[in-house]
Structures are given as structure tokens and as C-alpha cells.
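Colleague: below is the sequence, then the predicted model.
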Amino acid sequence: METNKKKVALVTGANTGVGFQVAKALAASGYVVYVGARDLQKGDAAASEIGSHTKAIQLDITDTASIKAATAKIQDESGYLTLLVNNAAISHAGKEGRTMEEVLGAQKPSIASISELRTVWDTNVFGTLAVTQAVLPLLQNAPAARIVTVSSALGSLTLNANPHNPYRAAFDAVYGASKTALNGIFLSLANELENTSIKVHLVSPGFTATALNNFQGTDTVEHGSLEPIRVALSEDLSNGSFTGPADFAGTDNALPW
């Protein structure tokens with residue numbers, strides 16, 4: 001494939017929050033961006049707001065038929081992907097409108113609903129891997145490609161084992177541990193692909209105010225999107241990186257596993 005072809009990206013969960021900001025930045029940098037959304041109407045609205053270089057695509061990462069249809073659409077229209085940004089995620093599957101504290105209180109491992117845990121992991125872990133597996137042939141069709149998966153510093157076992165970590169109490173069995181599992185699977189994928197033209201990166205946006213935490217995060221979505229955008233646009237990062245915002249990460253924004 002010619003290396004001068006236009007860069008093509010798929011961003012899951014791109015109709016709002018961090019995903020929307022990443023899609024917007026990619027479009028501004030010249031990418032053709034597929035704005036993934038479970039609700040196509042919301043995806044259309046987001047793509048219209050971003051403007052040129054964007055295409056809404058219906059994509060529910062927990063639905064096999066939806067994943068297959070989205071993959072086929074990208075294959076038919078573009079033939080390849082330069083970048084996959086795995087952003088879609090949920091923090092709970094319980095009653096809506098609860099505070100972040102109420103959600104965390106219900107997700108302690110001693111009392112967490114196994115049904116809720118399965119639902120959250122189905123999106124955050126299994127769904128994320130499912131869409132990645134589905135589009136991998138499209139990434140292999142590009143001369144060089146990257147997979148950027150939005151994770152969380154909350155998934156770091158090293159940080160959560162540190163008694164001096166002020167956020168340690170928020171490491172729950174449902175959402176937090178799903179990000180630990182996600183990190184493990186995508187580090188495994190980075191190892192598998194290390195001798196190929198596809199790089200794999202994990203990135204934490206920090207404590208960003210989004211629907212995931214009932215908008216109780218300390219950072220605006222614009223600020224929290226800076227590191228995911230940096231990683232999404234960086235083509236020279238080492239394969240298998242795990243980074244976060246400079247204000248709480250180490251050298252080169254690196255986070256411990």
C-alpha cells in the first residue's frame with residue numbers, strides 16, 4: 001500500500017466526552033475519522049459538530065453484529081485503518097443518577113453484584129478486545145498503524161498497592177479492576193505485535209469529569225483529553241507504552257503497571 005494514502009481512524013464511544021475530543025483533534029490533523037457511537041443519531045450529531053473528515057458509524061462494542069457491520073463498512077469505504085482508538089467504556093450498570101461515592105461503595109469486592117461486574121467487563125474488557133480483533137486486518141492493511149486504548153491509572157496495581165496513594169480507596173472490583181484486566185490484555189497484544197508494523201499504547205486521561213464518574217472528576221474533559229490526544233497523534237512512541245497526564249505520571253508521562 002502506498003504510504004501517502006490518507007490516514008484513517010476509528011474512535012469508539014466518540015459522540016461525547018474524551019472520545020469526542022480525540023475525534024475532533026484527529027479530524028483537525030487531517031485524519032478521516034469514523035465516529036463510533038451506539039446511537040447512530042448521536043454519532044451523526046457529533047460528526048456534524050466536528051465537521052469535515054468525519055463519518056458517523058453505528059458501533060456497539062458489546063454487539064457482535066454491530067462490530068461486524070462497522071468493520072465491513074470501513075473495509076468497503078476505506079480498505080484500511082491507520083489508527084484505532086478504543087475509548088468506549090462504562091463505570092457501572094446499576095441505578096442511574098448515583099454519586100461517584102455511592103457507585104464505588106456498591107462496587108467493593110465483598111458486596112459487588114456479579115451481574116453488574118459481568119456487564120461492565122463485557123464492555124470495558126471483552127468488547128474492547130472484540131472490536132480490536134475485528135479491525136486488526138484493517139490495521140494490517142496500512143503500512144504502519146497504531147492501537148490506542150483509553151485506560152486509567154486506577155487500573156495500575158503498582159499505584160493501588162501503595163498505601164500513600166490518595167486514590168487507592170477508589171480501586172474497586174467492577175470498574176477499576178476492569179482497567180487492570182484491560183491493561184493486561186493489551187500489554188499482551190503489544191508483545192504479540194512487537195515485530196509487526198502495528199504499535200499498541202495504553203493511556204489514562206486522569207481524573208476527568210465525564211459521565212463515567214457522574215461529572216465529579218477534577219479535570220475538564222478538554223484538559224483530560226490532552227494526553228489521549230497526544231498519544232493518538234504521536235507516531236514515535238515505543239510499543240507497549242502506558243502513560244498519563246504529566247501532573248501525576250513519571251518521566252515521559254509513564255505510568256507503572
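Modeller: Thanks, I have the structure now.
Colleague: tell me where the stretch 101-250 of the chain has helices.
Modeller: Taking DSSP state H, counting those that start in this stretch to define them, one finds helices in the stretch 101-250 of the chain at 114-121, 128-140, 157-160, 175-192, 221-224, 226-233.
Colleague: which stretches of the chain aren't confidently modelled?
Modeller: Low-confidence segments of the chain, defined by pLDDT under 70: 1-4, 94, 207-219, 247-250.
Colleague: quick one: contacts for the residue nearest to the spatial centre of the chain?
Modeller: The centre of the chain sits closest to residue 87, judged by C-alpha atoms, centre = their mean, with a distance of 2.4 Å. The contact partners of residue 87, taken as C-beta atoms under 8 Å, 6 or more residues apart in numbering, are 11-14, 17-19, 22, 150, 228. Every residue, glycine included, has its C-beta placed from N, CA and C.
Colleague: I'd like those residues laid out as CSV, including distance to residue 236 and secondary structure.
Modeller: Formatted as CSV, the contacts of residue 87 follow (distance: C-beta to C-beta, whole Å; DSSP: H, G, I helix; E, B strand; the rest coil):
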residue, distance to residue 236, secondary structure
11, 21, strand
12, 24, coil
13, 26, coil
14, 24, coil
17, 27, helix
18, 22, helix
19, 23, helix
22, 18, helix
150, 20, strand
228, 17, helix
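Colleague: from those residues, which is closest to residue 61?
Modeller: residue 12 (5.8 Å; C-beta to C-beta).
Colleague: residue contacts, that closest one?
Modeller: 19, 36, 59, 61, 85-88, 128, 131.
Colleague: mind checking how far it is from residue 107?
Modeller: Separation of residue 12 from residue 107 (C-beta to C-beta, to the nearest Å): 23 Å.
Colleague: repeat that for residue 36.
Modeller: From residue 36 to residue 107 the distance is 26 Å (C-beta to C-beta).
Colleague: buried stuff in stretch 187-202?
Modeller: Going by neighbour count (16 or more other C-beta atoms under 10 Å), the buried part of stretch 187-202 is 187, 189-190, 193, 198-202.
Colleague: ok so, going back, tabulate the helices of the stretch 101-250 of the chain (JSON lines), appending distance to residue 49.
Modeller: Output for these, formatted as JSON lines (distance: least, C-beta to C-beta, whole Å):
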{"stretch": "helix 114-121", "distance to residue 49": "28"}
{"stretch": "helix 128-140", "distance to residue 49": "23"}
{"stretch": "helix 157-160", "distance to residue 49": "35"}
{"stretch": "helix 175-192", "distance to residue 49": "28"}
{"stretch": "helix 221-224", "distance to residue 49": "14"}
{"stretch": "helix 226-233", "distance to residue 49": "17"}
